[in-house]
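**Student:** this one's structure only:
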Ligand SMILES: [Fe+2]
């Protein structure tokens, strides 16, 4: 069993590792992770623990980085009414679950053919309410942004790899541009 204090988190890590061991096709694998993250986001002890996490801009808490499968589990705390930039996660997969509070997610489609460096035209595809317990899959290269609605909110991310080593797009919708140099947030190791 994974060595964590919160039982639901320890079993979550064990279950994600077991899922990796099954070697499923990509989409089925991430659907499986989504189901497991739904269970974790329903856990009251996990939610209680997250209330002590710092709400500071520009950081992501490191809850787990798997030594065998390379996946990364992070914590994102949004200050009230914080609106993230529109961005993508490059080639990586992310499952994003709201553990506490209420968020709204926006998903965009890229309309240009990416032939002009630095240019990007996006269209809003969907806007969804993401209350506590809501879990989304963010596939590679999908532009999106999350907003905190109302009070402080906390999300758990499960990423196919640790962020920071690859460049992500950051889009400016009005200017129709992208800056593909963003390296993710500052990572803060946090005991669970
Ligand atoms: Fe994101």
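**Tutor:** Thanks, I have it. This is a predicted model, so every value here is computed, not measured.
**Student:** for the rest of this, base every contact and every neighbour count on C-alpha atoms.
**Tutor:** Noted.
**Student:** tell me which element residue 188 falls in.
**Tutor:** Following DSSP states H and E, one finds residue 188 within strand 186-189.
**Student:** which parts of that strand count as buried, going by neighbours?
**Tutor:** Neighbour-count burial for strand 186-189 flags residue 187 (criterion: 16 or more other CA atoms under 10 Å).
**Student:** so what touches it?
**Tutor:** Strand 186-189 has contacts (CA atoms under 8 Å, 6 or more residues apart in numbering) with 58-63.
**Student:** isn't residue 84 up against residue 149?
**Tutor:** No: counting by CA atoms under 8 Å, residue 84 stays clear of residue 149, with 11.6 Å between them.
**Student:** partner strands of the strand holding residue 188, parallel or antiparallel?
**Tutor:** Note on strand 186-189: by DSSP bridges, its sheet partners are strand 59-65 (parallel).
**Student:** I'd like the distance from the partner strand to the chain centre, please.
**Tutor:** Strand 59-65 sits 11 Å away from the centroid of its parent chain (CA atoms, centre = their mean, to the nearest Å).
**Student:** check stretch 31-38 too.
**Tutor:** Stretch 31-38 has its C-alpha centroid displaced from the chain centroid by 13 Å (CA atoms, centre = their mean).
**Student:** any idea of the mean pLDDT in that stretch?
**Tutor:** Mean per-residue pLDDT for stretch 31-38: 98.
**Student:** what do you get for stretch 76-89?
**Tutor:** 90.
**Student:** now stretch 97-106
**Tutor:** In this model, stretch 97-106 carries a mean pLDDT of 96.
**Student:** how about stretch 7-16?
**Tutor:** 98.
**Student:** can you give me the strands in this structure?
**Tutor:** Taking DSSP state E, the strands of the chain run over residues 59-65, 72-78, 86-87, 94-110, 122-131, 135-138, 144-159, 168-172, 177-182, 186-189.
**Student:** my read: residue 70 touches residue 92, true?
**Tutor:** No: assessed by CA under 8 Å, residue 70 is found out of contact with residue 92, at 11.7 Å.
**Student:** what residues are shared contacts of those two?
**Tutor:** By CA under 8 Å, 6+ apart, residue 70 and residue 92 have these common neighbours: 160-161.
**Student:** the more surrounded of those two?
**Tutor:** Counted by other CA atoms under 10 Å, residue 70 and residue 92 do not tie: residue 92 has more neighbours, with 18 against 12.
**Student:** I'd guessed that one sits against residue 137; true?
**Tutor:** No: assessed by CA under 8 Å, residue 92 is found out of contact with residue 137, at 11.2 Å.
**Student:** tell me which of the strands of the chain is the most buried.
**Tutor:** Neighbour counts (mean count of other CA atoms under 10 Å) averaged over each of these peak at strand 72-78, with a mean of 24.
**Student:** and the angle from it to strand 144-159?
**Tutor:** Angle between the axes of strand 72-78 and strand 144-159 is 140 degrees (criterion: axes from the mean of the first three to the mean of the last three CA atoms, to 10 degrees).
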